[in-house]
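[1] This is a predicted model, with the sequence first.
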Amino acid sequence: MSTIESLTDHRIKAVGLVINTVDDIMHGMQLGSAGMQNQVRQWAGKNNLLTLINSLIDNGFQIFLTSDHGNIEASGLGRINDGSIAESKGERVRVYASEIARKEAFNLVSEPSILWSNIGLPDDYFPLIANGRGAYINEGKNIVGHGGIAIEEVIIPYIKIRKRAE
């Protein structure tokens, strides 16, 4: 039975669905924000999400749409060649187990980075955050990524979808 067919079972009172398509598109993006927008537009044009939403509405469900994070197009600040010192080697944020290791990495980057306070974080969690729209990738390269502190990465949409008035 498909997801949409199972929605007609009136015993089902709540459904939580994860549709990872946009995140998958972002993680494979080679053509920047314009390429991502184009691929998302093509995916949306297939109407799979619209069909699902309409089916949920037709079966009396309230619909809330959200995401786990946003993303930005970021430009390479240069790779941090610090061996295996980093606990997490994200493109927008790297995490170190000590303040000393983080300071050493900070000194390796040509562009400024943010030495984020670990107040409220575990004692061995020291984030180094790429400044602005930067990423710890080769200079001159661009990515679409997330994990930093740009407003587009940290504001989470929470949208209630209603049936259009007829």
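    Sure thing, it's come through.
[2] Mind naming the longest helix for the protein?
    Counting by DSSP state H, the longest helix found in the chain is helix 32-45.
[3] and that one, what does it pack onto?
    Secondary-structure packing of helix 32-45 (3 or more Cβ pairs under 8 Å, 6 or more residues apart in numbering; DSSP states H and E): helix 21-27, strand 72-76, strand 142-145. In short, each C-beta sits where N, CA and C put it, glycine included.
[4] any weak-confidence spans in this structure?
    For the chain, the stretches with pLDDT under 70 are 1-4, 84, 86-89, 165-166.
[5] All the helices of it, residue numbers only.
    Under DSSP H, the chain gives helices at 3-6, 21-27, 32-45, 48-58, 99-106, 151-154.
[6] And the last one, what's buried?
    Of the residues in helix 151-154, those buried by neighbour count under the rule 16 or more other Cβ atoms under 10 Å are Glu153.
[7] Export only the CA atoms of it, formatted as PDB.
    Coordinates of each C-alpha in helix 151-154 appear next as PDB, following Å, rounded to 0.1, in the frame of the first residue of the first chain:
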ATOM      1  CA  ILE A 151      20.600  33.800   8.900                       C
ATOM      2  CA  GLU A 152      19.500  31.500   6.000                       C
ATOM      3  CA  GLU A 153      21.000  28.500   7.700                       C
ATOM      4  CA  VAL A 154      19.500  29.100  11.200                       C
END
